[in-house]
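K.L.:
Below are the sequence and a predicted model; questions follow.
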Amino acid sequence: MVAITEFQKIGAGLSGFGLFFLLFGVLLYFDSVLLAFGNILFLTGLAFIIGLRRTAQFFFQRHKFRGSFFFLGGVVLVLCRWPVIGMLVESYGFVLLFRSFFPMVLGFVLSVVNIPYLNYLFSFFQLLGSSSSMV
């Protein structure tokens, strides 16, 4: 059994609220205040869940530099009140940062729910996740 600390519980709440504000900001035609608040809450929650040192190590690895640059650059663009461009840049950075997690998540979803045409999507994400380029 894994023990969850109080900081991790707070981090889960902050990340959940961050995702809620991001979704709500997109639904309200890219409201820059809601998107900025959601970004700040999500990143703060991530730091609470895995810790400051591990968060910094995750974002500033050499082979994840381009993804981190686009993701954090998108956050800065949203904070500078360019929400549409910022969210596009941030989404591209998110895909670059987490593309190695997509096959694992999709495999888990497919093991829980067996939907026939998602197997093709799973093989596509496996090809994306196993690219030979480190940057």
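P.N.:
Yep, that arrived. Residues are numbered from 1 along each chain as shown.
K.L.:
How about G11: what's its closest non-neighbour residue?
P.N.:
Closest residue to G11 apart from its sequence neighbours, by CB to CB, 6 or more residues apart in numbering: F48 at 2.9 Å. The C-beta positions use only the backbone N, C-alpha and C, and glycine is treated the same way.
K.L.:
which parts of the helix or strand encompassing the one you found are buried?
P.N.:
Here F48 sits within helix 32-50, counting by DSSP states H and E. Neighbour counts over helix 32-50 (16 or more other CB atoms under 10 Å) mark 32, 34-49 as buried.
K.L.:
and what of stretch 102-109?
P.N.:
Quick answer for stretch 102-109 (16+ other CB under 10 Å): 102-103, 106.
K.L.:
separation between the residue lying closest to F37 once chain neighbours are set aside and V89?
P.N.:
Using CB to CB, 6+ apart and skipping the chain neighbours, the partner closest in space to F37 is F21 (5.1 Å). Distance of F21 to V89, given as CB to CB, to the nearest Å: 18 Å.
K.L.:
on that earlier part again, what about the residue nearest to F37, how many neighbours?
P.N.:
21 (other CB atoms under 10 Å).
K.L.:
Quick check: buried residues in the helix or strand encompassing it?
P.N.:
Per DSSP H and E: F21 is located in helix 6-27. By neighbour count with 16+ other CB under 10 Å, helix 6-27 contains the buried residues 8, 11, 14-15, 17-18, 21-22, 25-26.
K.L.:
Kindly report the same for stretch 84-94.
P.N.:
86-87, 89-90, 92-93.
K.L.:
From the centroid of the chain, which residue is nearest?
P.N.:
F94 (5.1 Å; CA atoms, centre = their mean).
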